[in-house]
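Chemist: show me how the following folds:
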Amino acid sequence: MSERISAREAIALVTDSFAELPSPGGTFPPDGPLAWKGYDDARARAAARTGEEESVVCGIATFGTASFGTTTDGRAPLGPVTGLLIAFEFGFLGGSLGERTGDRLEAAYDYARTHRLPVVSLVATGGSRMQEGMLALTQLQRVARQSALTREAGLAQIAVLRDPTTGGGWATLGAGSDVTLALPGAQVAFAGSRVRPPGADPAAYTAEAQVAAGSVDALVPQDGLRETLALWLDLLTRPAAGAAPVPSALGDATDLPATGWDAVERARSPERPRADAYLDAYFSRRVAIGGDRCGGTDEGMVCGFGRARDGRTVAYAAQRGTPTRPAGYRTAARLVRLAGRLGIPVLTLVDTPGAANDADAERQGAGAAIADLFAALATARVPVTTLVIGEGGSGGALALAAPGNTWATPDSYFSVIAPESAAAILKRPADEVRATAAQLRLRPQDLLDLGVIRGVTHRRPGA
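Modeler: Model (predicted):
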């Protein structure tokens, strides 16, 4: 279990300044809308204990003023960013949501949209307030609508999950945010600790389990939260015009492959630079999203946002040379759509022998996941730039490629299918695989001649 801190302590932990918004008006009938005996007394005790009037504190905050020194590329420090901050006070009736909580959250979201501010939620809640019955539960619909309107307005939403984050707070402000971070050891689950089935595995109800399931992007220790949150806000609130620049090639190969099989061998070489090397060279800072929000992750697809060397924010989705799993395609589609809403150009790096084709991949919806990524790229609201850096295996690679703006390195290939598979389908013997590779015209220069790519990128002089 992570350390529990108050709303005010959480605010001080991550912000450089904070100004609380005035509370909306409104009064309760005695003991609330259900006339729940003792409710007024419980609220009074909670207020005396915490110093708060409700379970959430909302206000305007600045982030990042003192979080960064000079960047590694010598450019100006990142930040600061002004945002709308929502902090839950778990000590006030378990951080539960009631009608007055909903009033505060609605007013806060409305302020954020009016003033074009990102929203940061520091969540610690046990769910809806029983003393207000269904009127409390319906606040979740109210919060969901405010979040959806804010998303449509193109404003970023980031949630930090404290201990505990359960019930409707998790299912709206937590899981419904664009980026979801969590403190290690925090309870994170829809089911609270007192309503779980007997004998349920407690490990399934943790932040760590939610990261593994693709529902939380990352665990962030409390002492690293200020800098991490400031970096996320800086990257997500600075839209950029124009397409992402094409990365320079990193491999030793400067000449183009002589044959189709030469191209295949170059792309499959273990010495060839991989996606992480390209991302490190392209970005001075970057952060990753994790998971498809559907129960899956794929370490072979890395997605996130970074500060490119030219100073712009660029979103990225990169294959790491393994067969891409359904969760990888869904994560990439999530990245492309989020970047589109925020006005951030996208860079994709293609490097896969193809989509994973095992039985589990089929059960996990490989076809639907690939189709969704094709659709996300086809309808992207921002420019997408693609560089093929290794193997480009069939539709599993093409799904990540930008229509009309794809480039290739000298140590890559792109093919309708791998030469070995093509030969097998055509019922050719193994000794004809190399000849088949030539017929497929999969070399970078072939792709350029065919109009499949826009050009071949080479190593930058002196790099």
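
Chemist: please, which helix or strand holds residue 121?
Modeler: Using DSSP states H and E, residue 121 sits in strand 119-125.

Chemist: that should have said residue 305, apologies.
Modeler: If you go by DSSP H and E, residue 305 is part of strand 301-308.

Chemist: partner strands of that strand, parallel or antiparallel?
Modeler: Strand pairing for strand 301-308, determined by DSSP bridges: strand 283-289 (antiparallel), strand 313-319 (antiparallel).

Chemist: pull the residues that contact the last one.
Modeler: Just to be clear, that refers to strand 313-319. For strand 313-319, the external contacting residues (Cβ atoms under 8 Å, 6 or more residues apart in numbering) are 235-236, 238-240, 244, 275, 278-279, 282-283, 286, 300-308, 328, 331-332, 335-336, 338-339, 344-352, 397, 400. Where you see a C-beta, it was placed from the backbone N, CA and C, and this is true even at glycine.

Chemist: which strands and helices lie in contact with the following helix or strand past that strand?
Modeler: For strand 313-319, the following helix or strand on the C-terminal side (DSSP H and E) is helix 326-342. When contacts are defined as 3 or more Cβ pairs under 8 Å, 6 or more residues apart in numbering; DSSP states H and E, helix 326-342 packs onto strand 283-289, strand 301-308, strand 313-319, strand 346-352, helix 366-378.

Chemist: next, the angle strand 283-289 makes with helix 326-342.
Modeler: Using axes from the mean of the first three to the mean of the last three Cα atoms, to 10 degrees, the inter-axis angle of helix 326-342 relative to strand 283-289 is 120 degrees.

Chemist: what residue is smack in the middle of this protein?
Modeler: residue 289 (3.2 Å; Cα atoms, centre = their mean).

Chemist: gap between that residue and residue 299?
Modeler: 13 Å (Cβ to Cβ, to the nearest Å).

Chemist: and the strands paired with strand 301-308, which is most packed in?
Modeler: Across the strands paired with strand 301-308, averaging neighbours per residue (mean count of other Cβ atoms under 10 Å) puts strand 313-319 on top, at a mean of 27.

Chemist: burial of the closest residue to residue 283 other than its chain neighbours, as a residue count?
Modeler: Excluding the flanking residues, the one nearest residue 283 by Cβ to Cβ, 6 or more residues apart in numbering is residue 306, at 3.4 Å. Using other Cβ atoms under 10 Å, the number of residues around residue 306 comes to 22.

Chemist: what pLDDT does residue 306 get?
Modeler: The model reports residue 306 with a pLDDT of 97.

Chemist: same check on residue 74?
Modeler: For residue 74, the model assigns a pLDDT of 45.

Chemist: before we move on, what about residue 162?
Modeler: The predicted local confidence for residue 162 is 97.

Chemist: ok, it - contacts?
Modeler: 2, 4, 5, 10, 88, 90, 122, 123, 124, 183, 186.

Chemist: per-residue pLDDT, the fifth one?
Modeler: By that I understand residue 88. For residue 88, the model assigns a pLDDT of 97.

Chemist: what is it paired to in the beta sheet?
Modeler: Beta-bridge pairing for residue 88 (DSSP bridges): residue 56.

Chemist: what's the burial count for it?
Modeler: Residue 88 sits with 28 neighbouring residues when counted by other Cβ under 10 Å.

Chemist: ditto for the fourth one
Modeler: Per other Cβ under 10 Å, the neighbour tally for residue 10 reads 25.

Chemist: so what's it closest to, chain neighbours aside?
Modeler: Using Cβ to Cβ, 6+ apart and skipping the chain neighbours, the partner closest in space to residue 10 is residue 122 (4.6 Å).

Chemist: same deal with the second one?
Modeler: Leaving out its chain neighbours, the residue that sits closest to residue 4 by Cβ to Cβ, 6+ apart is residue 163, at 5.6 Å.

Chemist: list the residues that contact the residue nearest to residue 10.
Modeler: Going by Cβ under 8 Å, 6+ apart, residue 122 touches 7, 10, 11, 14, 85, 86, 87, 88, 160, 162.

Chemist: so of those, which ones are in helices?
Modeler: Members of the contacts of residue 122 lying in helices (criterion: DSSP state H): 7, 10, 11, 14.

Chemist: where do the strands sit along the stretch 51-200 of the chain?
Modeler: Secondary structure of the stretch 51-200 of the chain (DSSP state E, counting those that start in this stretch): strands located at 56-63, 81-88, 119-125, 157-166, 179-182, 188-189.

Chemist: contacts for the fifth one, please.
Modeler: With contacts defined as Cβ under 8 Å, 6+ apart, strand 179-182 is touched by 156-161, 165, 174, 188, 207, 210-211, 215-220, 225, 228-229, 232, 236, 289.

Chemist: which of the contacts of residue 122 has the most neighbours?
Modeler: Within those, most neighbours by other Cβ under 10 Å means residue 87, with 31 neighbours.

Chemist: wait, it touches residue 12, no?
Modeler: No. If you go by Cβ atoms under 8 Å, residue 87 and residue 12 don't touch, sitting 10.0 Å apart.

Chemist: count the residues that sit near residue 230.
Modeler: 24.

Chemist: for it, what are phi and psi?
Modeler: Per-residue torsions, residue 230: phi -60, psi -40 (degrees, to the nearest 10).

Chemist: let me know the pLDDT of it.
Modeler: 95.

Chemist: now the helices for the stretch 1-150 of the chain?
Modeler: Using DSSP state H, counting those that start in this stretch, the helices of the stretch 1-150 of the chain run over 7-14, 39-50, 99-114, 133-137, 139-152.
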